Each structure stands twice: as C-alpha cells, then as structure tokens.
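Student: Build me a structure from this.
(2 chains)
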Number of protein chains: 2
Amino acid sequence: MNINSVNIVEDTFLEKGYSCWLQYNKITDSKLIEEYLPYCLSLSFTEDSPIVRSAVEELADGVKSMLDKEPTIYNYFSNDASIILGTYESINLSDYELSSDLFEKLNDESYVLKSVNKEGNNKILLVGKSDKGILYGAYHLLRLIQTRKSVNSLDLVESPRNQIRIINQWDNMDGSVERGYSGNSIFYDNNQFTNDLYRIKDYARLLASVGINAISINNVNVWEIETNLITSKFLPEVQKVADIFRSYGIQTLLSINYASPIEIGNLTTADPLDEGVQQWWAEKVKEIYSYIPDFGGFVVKADSEHRPGPFSYDRDHAEGANVLAKALQPYNGIVVWRCFVYNCLQDWRDRTTDRARAAYDNFKPLDGKFLDNVILQVKNGPMDFQVKEPVSPLFGAMEKTNQMMEFQVAQEYTGQQKDLCYLVPQWKEYFDFDTHAKGEGSTVKTIVDGSMYNYRYSGVAAVSNIGNDINWTGNTLAQANFYGYGRLIWDPELGAEEIAEEWVQSTFGNDPLVVETIKGMLLDSWNIYENYTAPLGVGWMINPSHHYGPNVDGYEYDVWGTYHFSDRDGVGVDRTVETGTGYTNQYFSPNAEIYNSLENCPDEFLLFYHHVPYTHQLKSGETVIQYIYNTHFKGVEQVKDLIDRWNKLDGKIDDYRFNNVAERLQLQLKNAVEWRDKINTYYFRKSGISDDQNRTIY
Amino acid sequence: MNINSVNIVEDTFLEKGYSCWLQYNKITDSKLIEEYLPYCLSLSFTEDSPIVRSAVEELADGVKSMLDKEPTIYNYFSNDASIILGTYESINLSDYELSSDLFEKLNDESYVLKSVNKEGNNKILLVGKSDKGILYGAYHLLRLIQTRKSVNSLDLVESPRNQIRIINQWDNMDGSVERGYSGNSIFYDNNQFTNDLYRIKDYARLLASVGINAISINNVNVWEIETNLITSKFLPEVQKVADIFRSYGIQTLLSINYASPIEIGNLTTADPLDEGVQQWWAEKVKEIYSYIPDFGGFVVKADSEHRPGPFSYDRDHAEGANVLAKALQPYNGIVVWRCFVYNCLQDWRDRTTDRARAAYDNFKPLDGKFLDNVILQVKNGPMDFQVKEPVSPLFGAMEKTNQMMEFQVAQEYTGQQKDLCYLVPQWKEYFDFDTHAKGEGSTVKTIVDGSMYNYRYSGVAAVSNIGNDINWTGNTLAQANFYGYGRLIWDPELGAEEIAEEWVQSTFGNDPLVVETIKGMLLDSWNIYENYTAPLGVGWMINPSHHYGPNVDGYEYDVWGTYHFSDRDGVGVDRTVETGTGYTNQYFSPNAEIYNSLENCPDEFLLFYHHVPYTHQLKSGETVIQYIYNTHFKGVEQVKDLIDRWNKLDGKIDDYRFNNVAERLQLQLKNAVEWRDKINTYYFRKSGISDDQNRTIY
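Tutor: Okay, the predicted model is just below:
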C-alpha cells in the first residue's frame, strides 16, 4: 500500500488501517512457513497483459511480505517456477491433468487453482479463462495464505456468480461524498481530479481483491460541474483513472445528467425522441470511447428527486433509457437505469399514495420495452436502504428486462460508520428471499445473477462506503462491509459468518480471541442496530436530511412519503389490499397473501404492512408496545456489551485501529441511548402504557 | 430617497416601496394646499450643525415634493421666514410667548412646535432643546402634513419618554443577516463595508424620522471577521458610517466578541479580572474614540449560545461587564449587556431545568454589582420572542441595575415577513404589564423608561427587520413594525391603532378605504398569526433552525429547553411552585399567585404555566382540544379574509407594493394551512378527540 500518497507521516499503525484486508503480515509460525515457502519461491507467467502484471506484482509483494522471500519471476513458462500463471490457452493443460473443455464452459473471469506435487516438486498452478481470472486467482491464493489455509491439495474451480459486480461512488467533484462517512472523495477535490493515482491504484487493488469488476466514479446526482465529465474538459482525466482500474480488471462507468444535451450540448431539448438529441448522444459516446475504448457505460438517475429525465418530454423511462442504449450499443456499453423513482413532493395528508409502490408502478408496465443493453438497477427494498425493509417487489416482476440489485455499503441509515452494522446478513436475506416469481425457489439471487430469466446483463451494484480517511471507511470495522459486499456477490452461497471470519483473519490476523470476538460483534451488530432504532420494519424515525439519530416525527408531516402514522392507539402503515394502499399485491403469491394477512405477516415487517394497536400481540407473545420498550432497552445493553467485548482486545490490536473502533463504539452508545429514550418516551407519551418492568422512560 | 444607490432602473413604483413612510406625495387638494403653502414658503435656521442641516434638507425636500414649491432658505434668523428653526438658546423665546424655563425642564431631544399667526403673517416655530430636538420636530411637522393634520394652531411640546432608543442590526460582514427576511445587509458584503453610503443615509433618515437615536451595526453573535471591527482594519469604515448616523442624531455602537483580547489582542486570556485584559480594553476603547468621538459603546452577547464570556474564567456577569464599562467610562460610553443567558445544551429528559427561569436566576443575584454605565438588555419574554409569551420577570426585579427592554422587529417567530404580523399591540402589552414591583401601577414601561428606579441609563432596543430588499422589509407591510417600534418607544402612550393609521397615511396616502382596510388588517394580524400557530402561550412547535412553519415535535427532544410535553392526555409546561419548575415565583405578588393558579391563570398563557388535560375547560367554556381545533380552522379563514380585504385595494395602490403584499399573503395562506393541518392532526392523533364540528383533520 502506498500510504505516502495520503500525505501522512509513515506510521505502521496508520498503515494497518490503510491496508484493510491486504495486510500480508509476516508469518512467524515455522510450520506454516515450511508449508508455504516451497510454493512461493518463484513465479512464472505464460501470458502478459497489464492485468497479469497486476496479479504478479500482488503475489510477489504478498509473498515477500508474508514469507520474507522475494520470489524469482519468469515472464515466460518455466517448469522450475513454483507458481505458474497463465490463461488456459497459454498453458499446456494436459501436463496438469486439466482439459480445455472445462474452461470452455466457464465464463471469462473464472480460474482454476491446483496444487501439483510431482516428483517432490511442489507447484501451484493458476489458470485463468482470461487474464482477469488470473488476477482473481492470485487474490484467492493470497487469501488462503492470509487465512492460514493449507495449499497442499488445492483443486478448485472458481467462477463469479454475478456478471456485473459494480461499485457506485457518490462522489462530487467539489470533494464531498453524498452520504459519505469517511472523509472526502479520493477522486476529486476542489472541482478537479485529485490525481492521487497511488490511492486510486490501492482502491483498485482492494476492489479487485474481492472481485469487483466495474465502478461508476461520480455521484448519481450529477450536478453542474460533473455534467462536464463526459466532455473534453475532463475525459483525459477520466482516462487516467480508467487506465488504472483497467489494469485491475475494472471497467469505468460515469453517471450522466439526463439534461446533458441542453447543459453541455447547446440543444434546446433533451427529448429522447428528438433526432438532434439522438445524434448528440451518438457523437458524445463516440467521443468518450475515443478516450476509453472499454468504457462501461452510463449510470442514470432520471426523474428522481428533482433530477431531470424523460418525464419532462412526456416520454416514459424506456424511451428515456433507449436513446442512451442505442448510442452505446456499437461499443458494447450499457445503460444502468435506476428505478428509484417516486413522488418526493407527496402531501402527507394523502394516505392513498404509497412511496413503496412507486418503483413497481413506474417500471413494471414497461417490461420488454427496453433495449437489451439497458439494465434496471433496483434498490433492495421498496423504500430506501432501511435497516429492515422487505424486498422490492420489482425483483422477478420483469421477465423481459435486465435487472440488477442495488445495495448500500455506505451506512446511510444503518449507523453512518459510527455505529457498527455488518450488512452481509441483511444482503443475504435479500438474496435468499423467495419471490415465487416462477414458483418456489425463485430466489432474488437467481434473478439478479440472470439465470432465472436469462438476462443478457445482470448483476449487483452498491453505493461505496469509502472516502479519503486513512482507513478508507471511517470505522475500521466498516471495511468488513466493503469486503463482504465483494465476496458475497462473487458467490452468494458464502455464509455471512464465513465472510466475516475471512475478513477478520485477513485484517487483524489469526489470534483466535481476536477472530472470534470481532466475528461475533459483526454478526450480532445488525440486529443490535435494529433493536434500538425504528421497530418492526416501519423504518425512518430519523433526523431529516442527515439521517443520523432518532426523530420519530422527523419525516411524519413531510413530503417524502415516509410515514409511520402513530397515534394514541397504534402505529404502522396499512399496505393491505382491503383497507390500505394495496402494496402487498405487488408480490407474487403466496408472499402477497402472507404480507397482506395480519395473522401471517412476519413480525419483523409487521409495521411495514399493517397499522396495529399498541396492544397487538406478536408471535412471541409480547405486545407491540412492550416489544418496543424491550428492544430499545436491550439495544443499549447490547451496545455496552459490544464495548466490553472490544475492550478485551486491548493490546491484541494496534493502537490506531483499536482506538478508532473504541471511539466509534462510544458514539454508538450515545446514539443508542438517544434512540432508546426518544423512541420509548414518544411511545409512552402516545400510548400511555407503562413498561411492564418499570424501567426509566422520560 | 436615492434609489439609484441600490442599482435598479429608475422606477416610480419601486421607489414607492423604497421610500417607506417618507413618501411626501404631491398634495392635490386645493384647500389643503391653501392651508399648508403659506407656512412653507421659506425656512430660517438660527443655529447650524450637521443635524440642523439634516432637518432643513428634509423639510425643504418634503415641502418641494408635497407642495411643488422650493422654499427659500435663510441660514440665519429671518423674521420673513415662514418656518423658523432653532435651539431654545438661539431664538428670542419671548417674541413667541415662550420661556426658557420650559426648556430647562425638558431633555435634550425635546422640541416645541408652535403656529404663530401675527398680523396675518403665518409662521411655524420649531424650537429644539438641542439640534436633535429640531430634527425630531422637523419630522413631526412633515408627519402632520403627510397625515393631513391642520397646522394652523400648533402648540405642542414633545419629549421622548425613553432615553436610549436603539436598533440592533444582526448583520454579518459576509453580507448575511441573522434572522433577516428582507435580503442581505445594507452595511456589508463579502467581508467588507458596502460603502453604499446613500442607502445608509436613507436608513438614517428613516430611523431619525421615528426618533431612533442609536444603532449597533453588527450582529450580537460576533464571528471571526467581525471581531476586527474594533481594529484599525475596519475603524475608518465604521467612522464613515458613524458620521452619517451622527448627522441624524444617531449614535453608533458595536457588538464585540468577549474573547477579543485573545483573538485580536494576542493575550492568552480574556479574564475580566486580569490586569492585562483591563489595560487592553482601556487602550482599545481609547483607539475607538480616536475615530468616533461620540461612539456609543458596546453591545455584548456573552456566555450565551456558545459565545465566549466571563464564565470561562469563573467570573460572573457583573465582573464580565464591568471591565468594559470601566474602559468606556471616561468617554461616556455604555455597555449593553444582554441577559439572553441560558443552558442551550439542556437534556430534554431533565424536567427540572427550565429555560424560562434562566435570565432571572443568572442576573437577579447580581443586582447592584454592575457599574452605572452598564445596562442589562432583557428580552421582552423569558424565552425568545414567541408570538405569545409572558413578560420577563426580570423587569422590576433589579432596582439597582440599569435595564433596557429588547424587542424583535424582525419577525423571526412571527411569520418572517412573509406572514403579516403587526407587532405594536404585542409591544404595548409588554409595556403596559403591571409588574407590581413597587405596588400597583409598576408597569414595565415605567421601568424601562428609567422613572421607577431612577436608572442612570435606560430605554428600549430591538432587532432590526431591514435588509437590502428594495422595500427594506421584504413584506411592505412589515415597514409598519419598523415605524411602529420607533413611534411607540418615543411615546408608549400612543395607541397601536393611532400608530397604524399614521403609518398607512404616510405610506399609502389618505384614501379612506386604503387607510381603514390596511389599518384593520394590521390590527387583526397578531391575533390571526397566534390563532394558526402554537396555542395558549406554549410557544415554539416550529421547524428547527430556520424557525418558519410548523413542526410540533421539532424541538421536543432537543437541547434548547423549549418543550410542550404533549402526551395522550394533555399538554403544557408545569411551571408552578408546587409541582413544576417554580418559575411562577419569579414574579411579584399577585402576578406570581395568579400565574401559579390553574383557576386564575389567564387562558392566553395557560400552557406556558400549566400542564392540563385536553379536556380542561377554558374560561370561554371550550375545552383545550376544541380551542386548538377552533383557532386553527379559524386562523386559515382569517388569512383568506386578509387576502379578500387586500384584493379590494387593487388599483388603489401601485402595482409593486400591491403585488408584493398579495404574494406574501399567498405564502401566508400556505403556511397557515400547514400549521392548521399539522397541529390539528398531531393533537387529534394524540388525544383521539374528534372536532365537534367534524371538520377535516388528517
């Protein structure tokens, strides 16, 4: 890691924060050295490319750092080498009992890792379907060593399950990051590119190490200055960044302003059916590809939260997206069209309008109307990245339209990287949700990986949680979400615990107390955060604008469509067919009926679907009001327990990272106390019902 | 008025907005011309000074404008002149049946206006105790003509009742105005003085015309750049401004940063008992007076809302103020020390702390400890300029300490110059309030005019409502508050209606429909605003920070000490001695007992003093909840009625001012509807009690 790039004095402790899970700590256990060293004496690569060079560099650096041995490198095939890297076409597969048939069936990013122990000669063979596979395999091998796995009998074939694995930066060129909780942008400052290419390279390494293969480098809200990213003013700079990412197998995309033809094209309209507009986009795309031949395409937030879009011209979203798709088609570029479209000027008095319905209502009727290089990017839930929110009913509902999942690694609503909230378990719930779109087993993961409907393009996107803080993510433990996002979307079958363990070992080493403690904290954290915040799936109850801390009525009488309708008798949003907004009907059967039924609706989403009296009995036997009290008292105690658990690691973790987390946990405790007291007081004042344990409510 | 100074094209309509109540419209009624003209043919002044020159210029301009006659001006005594101006020492009083005994008893700002009709020779004699009296008399005479009063038999003696009549600008040097609702500062822009001296001169004319004699020209929150106003960097600019104000009888003051010795003096402390600090202030004051020989003194917000103050050094406010007072004493300068001191980091859980108590608790124990050139500036109520708030119990409580009233002409909590709210009736209520400090009749006005306790210094301050909008006040009708503030503190016996009538006539002319309509709108407006906002004296319920529009719980769980404690059963703050915060006991008997008693407490302050059930019956017979519903429905209807009334004036008022008010009234209606619906819904949800007229509640 080139920590000098961030202008700090050299400091091993800071560097530990900066290096994330690519620590490559020196191995001191002689038995392990004895096993690993023979495999790491030399490296031979049989095909050359910038991506292969990245893999070789990473392996060489990792080996040197962990085993104190600089491997010999052959830039040709050498049978003397202990690690042999190549594409399946550049290696004599039969020498290693492999056949090209295997590779023909794999996708471009796949690889084989195989230990070969012939005649006492220890070797590891890393064969990629392409150079990207080699890079991913290299990181895999390093992960195995960092997590102290044996490499004596490797024989594995790996393919990423999702085709597009993208991260969305919400970075603005003034250096700010929308919903950023870890400093400013690593890309921009003062309306220019930072050109801190070292840091961008290190970001590319981190991304590639967990299998991310695409990045959009500017905020989906494209303001005035950023509108110019697709002009000659900034394209040479974009090119430099794209060159770095390319050498780590990562395609670069840009978020665009839908009104670009007007703003920078001197046209009087951005109407997608206007011939001048079509022509303008075609020429614009041509220009972009002249700088970046493998440019990924556009990410578009249109007609959403006051951003311009096709609605201005009475065109629908398909017409809106297709003009861009057509321009990108000749270059294999794609349009990532966001479905976060809803009325953000809702009248709170109007109980018939339901923001949860909006994405489905807007997009479902357009199924089949989009060109096949358009992908709809759908947020995991129908609202907006709440701590607990049902899956979006749009998943599975559009057989003929490419779809992509959008997660939020940035913890906008889940503690803002002050509070601990490991999100992999949440993402897994979404992936594993059975939509019943094509009968039982129609899980979300089989929709977004493209297999269910044979989408041409599919995959997963997420809002990045990194910034220019030394440790990238503000809270060091929030690195686990970055790591976990990449790992999980590579292989949705991985367990949340398995990922956590990998991450802790790679990040903090292999001391069992450290591993078990941090893993446990991570795995408990989502539930803890939920306990002390908005109850039973109702969401929100946060301070407006910045979205941190409790404010029960903060959005209750506002325009954003995010209400809980608490009154003296009860709480919750009636989304049933009979008496509510009918949202439940957007799901396939039997989900629709389950959610619609007060009796069958899972308690975790009770207040999302139903307005119930405070005395309503949950399946646990608790009343809703007592559940609110219990979880909020419990949540604070759980945070105190997190602090105790972390404190036990004092001395086992470098000071910088130990203190960083310790400080954040204190902030979390303060936040949890505020939530507990405000939520409990609010509901005690409204319901008049006392806590059955007579704990303090104000 | 020199409207060119504000860089707009010449436009009579805009000029009408800009000219406020100094319209000097041409008189067309021949009978009136016949009466006024003979008195206005020529002007003689017997003593010269910049202030006398201002008076003569204003009279000459006014006469020329109204009567189309440029009066001859004699800069010496001339018996031929129809208006004779002079101080009582420069005029042969006995010629006009006046004696100097009369003037000896009057204060420096007094004047006599007398019609003299000797031998068919019509004259008006204007004799001032000093040149300031002459200036005030000149504006008086012009007011008489503008309001079409006869001048044939003038024989009046006028003295201002309050000694210090100051306006506080909350202007920052970046050009912003804290709590400003009419554009930016007329004094500053981009961290410099604007040097738009024409506009400042016109502001001085407006101020002098209503008798204001002092101004502090920067925000009481003194930020980094403004801390330098008392340095050679800015004093030459302050001097220019002070020169203008001086020629209109207005003293200039500055708000200072209590930490100045540290910030600009390179000292390590601002401890008032430190000799170095005392020395520093002495030298600083000397420097200021070298620029501005009649500098008024300092306005100080210390230990208030995070501003520095003596508490940092464990000193009390008397020690804090006296260091400044001692420095100013040799120059007759004063220290205006604000009493807006409270815990602004209160824990909402803590029901024993009561912000309303704070000013009294902080300052009452210090009575007699302040030097006699310190004046405590006390906000009218104990909280903060709410639409309805009891009088501060500090008035009358400090016999041995100069006190000054602070009003807020800027409509921070009363509609922000979008909504109409004529505040003179409110101010009169405060003035007329009987504190019983020295038995019955101990009204606030006799405290702040200094007569009750023979204060050396006393008077009234107010936060200005002007900015660089063409019409100064955003809403043209808000000019009435600026006007009314000056007129009322000159003579607290003037009626709110009388002042309104004067203002409408001077501002919009004498059409009876116009006069009666606008006067009626003004007089109804405070009650209307109260109707649709926070009920029964409880205050707040506004959006945090900007303070416009409803947000019932906006401050309920916050640190500011501004709560209403609404629950499912009732609402209000218990400030009684027996079960509450004991605040009621800060008043003299019998006010203390009246407020403390649920039975005797006036309904208008019911929720300020008591927490009552929604079903509590008011003296009107209505329940509290029904009162809330009734007033909120009514308030909206009343705003609609204001709109109807205003619309009847279409064609009778120039377009600029007509449309300006019409637009604001639409904003007011929108605001009133929001208040009605949010307050009613909030209380319906909490109380579960239906409106007895079944009107729509959401």
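
Student: alpha carbons only for contacts and neighbour counts from here, please
Tutor: OK.

Student: is it true that residue A:462 lies in a strand?
Tutor: Yes. Judged by DSSP: H, G, I helix; E, B strand; the rest coil, residue A:462 forms part of a strand.

Student: And it, how close does it get to residue A:449?
Tutor: For residue A:462, the distance to residue A:449 equals 15 Å [CA to CA, to the nearest Å].

Student: Quick one: end-to-end length of stretch A:415-425, please.
Tutor: Its first and final residues considered, stretch A:415-425 spans 16 Å by CA to CA.

Student: Run through who's touching that stretch.
Tutor: Applying CA atoms under 8 Å, 6 or more residues apart in numbering or on different chains, the contact partners of stretch A:415-425 are A:181-182, A:409-411, A:414, A:473-475, A:477-478, A:480-481, A:484-485, A:488, A:496, A:522-523, A:525-526, A:529, A:548, A:664-665, A:667-668.

Student: what's the closest non-adjacent residue to the residue in the stretch 151-300 of chain A that chain B sits nearest to?
Tutor: Closest contact between the stretch 151-300 of chain A and chain B, by CA to the nearest CA, is at residue A:190 (20.5 Å). In this structure, residue A:190 finds its nearest non-sequential neighbour in residue A:174, 4.6 Å apart by CA to CA, 6 or more residues apart in numbering or on different chains.

Student: Quick one: residues contacting that neighbour.
Tutor: Residue A:174 makes contact with A:188, A:189, A:190, A:191, A:192, according to CA under 8 Å, 6+ apart.

Student: Listing request: residues of the stretch 1-150 of chain A with sub-threshold pLDDT.
Tutor: A:1-12 (pLDDT under 70).

Student: Show me the helices in it, by range?
Tutor: Secondary structure of the stretch 1-150 of chain A (DSSP state H, counting those that start in this stretch): helices located at A:12-19, A:30-36, A:50-67, A:100-105, A:131-146.

Student: Check which residues of the second one are buried.
Tutor: Same thing as helix A:30-36. residue A:36 (16 or more other CA atoms under 10 Å in any protein chain shown).

Student: which residues are in contact with that helix?
Tutor: So helix A:30-36 is contacted by A:27, A:67, A:145, A:148, A:150, A:151, A:152 (CA under 8 Å, 6+ apart).

Student: Residue A:272 and residue A:263, how far apart?
Tutor: Residue A:272 is 15 Å from residue A:263, by CA to CA.

Student: got the domain boundaries for chain A?
Tutor: With domains defined by the TED database, chain A comprises A:6-158, A:164-494.

Student: Give me whichever of those domains is most buried.
Tutor: Counting by mean count of other CA atoms under 10 Å in any protein chain shown, domain A:164-494 has the highest mean neighbour count of the domains of chain A, with a mean of 21.

Student: Quote the end-to-end distance of that one.
Tutor: Using CA to CA, the end-to-end distance of domain A:164-494 comes to 18 Å.

Student: Quick one: mean pLDDT for that domain?
Tutor: Model confidence over domain A:164-494, given as mean pLDDT, is 97.

Student: thinking again about what came up before, contact partners for the residue of the stretch 151-300 of chain A closest to chain B?
Tutor: Going by CA under 8 Å, 6+ apart, the list of residues near residue A:190 reads A:173, A:174, A:175.

Student: what about 10 Å?
Tutor: Contact analysis of residue A:190 by CA atoms under 10 Å, 6 or more residues apart in numbering or on different chains lists A:172, A:173, A:174, A:175, A:176.

Student: thought the last one was touching residue A:189?
Tutor: Yes. Assessed by CA atoms under 10 Å, residue A:176 is found in contact with residue A:189 at 7.9 Å.

Student: so does the longest helix along chain A get close to chain B?
Tutor: Scanning chain A for the helix with the most residues, using DSSP state H, yields helix A:655-687. Yes. Applying CA under 10 Å from any CA of the partner chain, one finds helix A:655-687 touching chain B at A:674, A:677, A:678, A:681, A:682, A:683, A:684, A:685, A:686, A:687.

Student: Could you give the separation of stretch A:610-623 from the chain centroid?
Tutor: Stretch A:610-623 sits 34 Å away from the centroid of its parent chain (CA atoms, centre = their mean, to the nearest Å).

Student: Next, see if that stretch gets close to chain B.
Tutor: No. Stretch A:610-623 is not in contact with chain B by CA under 10 Å from any CA; minimum separation 12.9 Å.

Student: Could you pull up the mean pLDDT of that stretch?
Tutor: Averaging pLDDT along stretch A:610-623 gives 97.

Student: mind saving the C-alpha coords of it as CSV?
Tutor: Only the C-alpha atoms of stretch A:610-623 are listed here, as CSV (Å, rounded to 0.1, in the frame of the first residue of the first chain):
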residue,chain,number,x,y,z
HIS,A,610,-50.1,-3.2,9.0
HIS,A,611,-51.4,-0.5,11.3
VAL,A,612,-51.9,-2.2,14.6
PRO,A,613,-52.9,-1.3,18.1
TYR,A,614,-50.1,-1.0,20.7
THR,A,615,-51.6,-3.9,22.4
HIS,A,616,-51.4,-6.2,19.4
GLN,A,617,-49.7,-9.4,20.3
LEU,A,618,-46.7,-10.5,18.4
LYS,A,619,-45.9,-14.1,17.7
SER,A,620,-43.6,-14.0,20.7
GLY,A,621,-46.5,-13.2,22.9
GLU,A,622,-45.2,-9.7,23.6
THR,A,623,-47.4,-6.7,22.8
